[in-house]
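Colleague: Model the following, please.
(chains A and B)
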Amino acid sequence: MTRFSDIQIDADTVAAARRGEPAALERIYVGCSAAVYTLIRRLVRRPAVAEDLLQETFADVIQHIGSFEGRAPLQMWIRSIAVRRSLMYLRSPWHRSLEWLELRPESEPTTPSDAGRVEGRADLEQMLSSLPATARAVVWLYDVEGYTHPEIAAALGRTVSFSKSQLSRAHARLRLAFGRDAPAPADLEEARVCTPISTN
Amino acid sequence: MHADFHELSELAAGRLEPSAHVRACGACHAELARLRRVRNGLRALDPLAPPAAGWSGVRSRLERRAESRAQAPTPLAYAMAASLLVVAFTVTLLARAPQESAVAGPGAAAVPLDGLVAENARLEAYLAELPQPRTTRVGTAYTVATLEDRLALLDDRITAVALEPNAPEVAEDLWRERVTLMNSLVRVQYANALASR
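Modeller: Predicted coordinates for the structure are as follows:
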């Protein structure tokens, strides 16, 4: 499972994990680690750092699962921890000082089922990777993870307007990978007349 | 008038119903379709395989954390050290520090949530613009790390409140505390930047 929304964790496993049973904790890791790692890698470019954050995330999960109240699905709680850990890293002076190293992402294996990617997908991945860290985080959280702007603003410690502007900027660059020739509505302000798509 | 980017992105996310204009306008419709293609393209990106030895790494991490907790100074010692550092920085650099936050301090209680969030954004922007110091003293690095850890914990609570809203005053209290911490962090980083010139 690589999408959080697709992950199913049964109530017995959650209850056993909350009691600290190692087998249940490992089942949760096995079930969620691909989704968590993919999320972290989309926010943080360096695989070595992502691996470290993956371990930190699950160490947090195991340490605090006793306080998990079940108000949201467990995998969403885990996701929020992974997001928080990743954003903490992106905000750190340590990351800022090393950001230049991330301009050339390291190669790494993908899951076997995803062999044979199309060129457009590779372009999009490259464009995503080339975005500034904050813009990349915003676009991923909004478009893929389904966060709202208020949620992103809260996670980043920024304003809703900041989140919106980062998303807009990110899409302006992603436009190069998809619909290169299509102008944005902002570019169409000069157009006086809209072209109807139906005439009924 | 054409739909703006925000409206179209909310439409692409399925959080809005299209207006009559968007339904009828070819240009808006085309842009919406493009946004949906990007969104679907991102969602279809290849998943990345986690490291094979991930679970054993997590267990090792937990063991190291347990060892650190066993060897760590008491919370009181941390608190005293942090207090001394903050006092030292404050006394030394008060006159040279950037303009005081508009919302921290005695009048903070009157500032609404939007103002607190905006002030946080202002401080974050200020912090991002500070020059990177060439060197950092160990004590300063420790203070920065402590403040950033506290900010991270606070962000976690703010996120939790945003996801599952409680009383409005809880969110305001958290954001007010964040302003205070950000002020401290800006002061320390500002001093650090000056000292390393």
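Colleague: low-confidence ranges in the chain?
Modeller: I'll assume chain A. For chain A, the stretches flagged by pLDDT under 70 are A:1, A:93-120, A:177-200.
Colleague: actually chain B
Modeller: Checking chain B against pLDDT under 70 turns up B:72-111, B:156, B:159-169, B:196-197.
Colleague: what distance separates the helix of greatest length in chain B from the centre of its chain?
Modeller: Counting by DSSP state H, the longest helix found in chain B is helix B:168-195. Distance of helix B:168-195 from its chain centroid, counting by C-alpha atoms, centre = their mean, to the nearest Å, is 11 Å.
Colleague: Against which helices or strands is that helix packed?
Modeller: Using 3 or more C-beta pairs under 8 Å, 6 or more residues apart in numbering or on different chains; DSSP states H and E, the elements in contact with helix B:168-195 are helix B:75-93, helix B:113-129, helix B:138-163. Every C-beta, even on glycine, is put in place using the N, C-alpha and C of the backbone.
Colleague: Show me where chain A has its helices.
Modeller: A:11-18, A:22-43, A:47-64, A:74-91, A:93-98, A:119-130, A:133-143, A:149-156, A:160-174.
Colleague: Redo those as a markdown table? Include mean neighbour count.
Modeller: Below are those laid out as a markdown table (neighbours: other C-beta atoms under 10 Å in any protein chain shown):
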| stretch | mean neighbour count |
| --- | --- |
| helix A:11-18 | 15 |
| helix A:22-43 | 21 |
| helix A:47-64 | 20 |
| helix A:74-91 | 22 |
| helix A:93-98 | 14 |
| helix A:119-130 | 16 |
| helix A:133-143 | 24 |
| helix A:149-156 | 22 |
| helix A:160-174 | 20 |
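Colleague: Now render those as a markdown table, adding distance to chain B.
Modeller: Shown next, in a markdown table, are these (distance: least, C-beta to the nearest C-beta, whole Å):
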| stretch | distance to chain B |
| --- | --- |
| helix A:11-18 | 13 |
| helix A:22-43 | 4 |
| helix A:47-64 | 4 |
| helix A:74-91 | 5 |
| helix A:93-98 | 6 |
| helix A:119-130 | 5 |
| helix A:133-143 | 5 |
| helix A:149-156 | 4 |
| helix A:160-174 | 5 |
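Colleague: For B:Glu148, find the nearest of the ones you listed.
Modeller: helix A:74-91 (7.3 Å; C-beta to C-beta).
Colleague: Now the longest helix of chain B: buried residues?
Modeller: For helix B:168-195, the neighbour count (16 or more other C-beta atoms under 10 Å in any protein chain shown) marks B:171-172, B:174-192 as buried.
Colleague: Stretch B:51-66 now?
Modeller: Within stretch B:51-66, the residues scored as buried using 16+ other C-beta under 10 Å are B:51, B:54-55, B:57-59, B:61-62.
Colleague: next one: stretch B:140-153
Modeller: In terms of neighbour count (16+ other C-beta under 10 Å), stretch B:140-153 has its buried residues at B:140, B:143-144, B:146-148, B:150-152.
Colleague: Same question for stretch B:126-143.
Modeller: Result for stretch B:126-143 [16+ other C-beta under 10 Å]: buried residues B:126-127, B:133, B:136, B:140, B:143.
Colleague: Could you do stretch B:27-38 as well?
Modeller: By neighbour count on 16+ other C-beta under 10 Å, the buried set for stretch B:27-38 is B:27-32, B:34-38.
Colleague: what would those residues look like in TSV with distance to B:Asp46 and secondary structure?
Modeller: Below are those laid out as TSV (distance: C-beta to C-beta, whole Å; DSSP: H, G, I helix; E, B strand; the rest coil):
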residue	distance to B:Asp46	secondary structure
B:Ala27	33	helix
B:Cys28	31	helix
B:His29	30	helix
B:Ala30	28	helix
B:Glu31	27	helix
B:Leu32	26	helix
B:Arg34	22	helix
B:Leu35	21	helix
B:Arg36	20	helix
B:Arg37	17	helix
B:Val38	16	helix
